[in-house]
Structures are given as C-alpha cells and as structure tokens.
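Q: Give me coordinates for this.
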Amino acid sequence: MKSSVSKSPWPRNGEACDSGQPLAQDDLRRQAEFIAKDSLVAALRLLDAAEVTYDFLAETPLAGSVCQFTSVQAIDLRIWRINGFPNQLILYRVSDSEILIVRVLHAARDLDVLLDDEK
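A: Next up, the predicted model:
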C-alpha cells in the first residue's frame, strides 16, 4: 500500500516536508516544541517515534481502531498511539492506495471539538 506518511510530518535536517495534512504537521511540531521546553531529547524521541509509527501504519493500515466521535469530520478516521508516547494520538484515513495522517493530538484534548472546528 502506498503511504503518504513515509517521512515524518516535521522537517528535520533540511528535508522537505511533503507528508501528512498541514494540521497534522503543525500538531506534531507544536507537541514537540512543548516537550522540548522540558527535554530536547524527549522531543526528538517523539519525532523519531512518530516516523516509526507512520511506517508501521503504512504497512498495517487497518491496525488503528475506527473512531467513534460525533464530529462529521471524523467519519472514516482511525486512531493509533505513537509508539512509546501513549498520550499522542494519530488520527488517519485509509484509502485503497494510501493512508493520510489527518491530525496528531494529545489524548487529553477534546478531539470531537477539535475535529468539528475543521469545518
């Protein structure tokens, strides 16, 4: 299955950023920046773990559970946790040819409200 998530959605080492939705890219960047305030090492681990998790989802796209949110924006979304970061959730959509990372959010956030705000 082709994946639109073969690279981390946050550019590193000068790489072009061409995967994931812009919101997902911003989500992960903001979370890494927040974590970096306390630990740069942990922030870098988050980015590396996200990339490994994206690769896993590209190989096993149906691994995530179908979301049960009330938001219309969440129809057909699946959810999976970033490996090693159980509170960091990847929301993604599966098609016949690829997966698309839609959002990367902290589990404490009100996901229904955030997804509803995307209208």
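Q: Give me the contacts around the strand ranked longest in the chain.
A: For the chain, the strand that runs over the most residues, judged by DSSP state E, is strand 85-94. Strand 85-94 is contacted from outside by 5, 24, 31, 46, 49-50, 53-54, 57, 61-62, 64, 67, 74, 76-82, 99-108, 111, 115, using CB atoms under 8 Å, 6 or more residues apart in numbering. (Glycine included, C-beta is placed from N, CA and C.)
Q: same deal with stretch 76-83?
A: Looking at what lies outside stretch 76-83 - CB under 8 Å, 6+ apart - the contacts are 46, 49-50, 52-53, 56-57, 61-67, 69, 87-94, 102, 104, 115.
Q: Could you give the average pLDDT over it?
A: Mean per-residue pLDDT for stretch 76-83: 91.
Q: Check which residues of it are buried.
A: Leu77, Arg78, Ile79, Trp80, Ile82 (16 or more other CB atoms under 10 Å).
Q: Which of the residues you listed fall within helices?
A: Using DSSP state H, the subset of the buried residues of stretch 76-83 located in helices is empty.
Q: Mind putting these into JSON lines with distance to Asp38?
A: Formatted as JSON lines, the buried residues of stretch 76-83 follow (distance: CB to CB, whole Å):
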{"residue": "Leu77", "distance to Asp38": "30"}
{"residue": "Arg78", "distance to Asp38": "30"}
{"residue": "Ile79", "distance to Asp38": "26"}
{"residue": "Trp80", "distance to Asp38": "25"}
{"residue": "Ile82", "distance to Asp38": "17"}
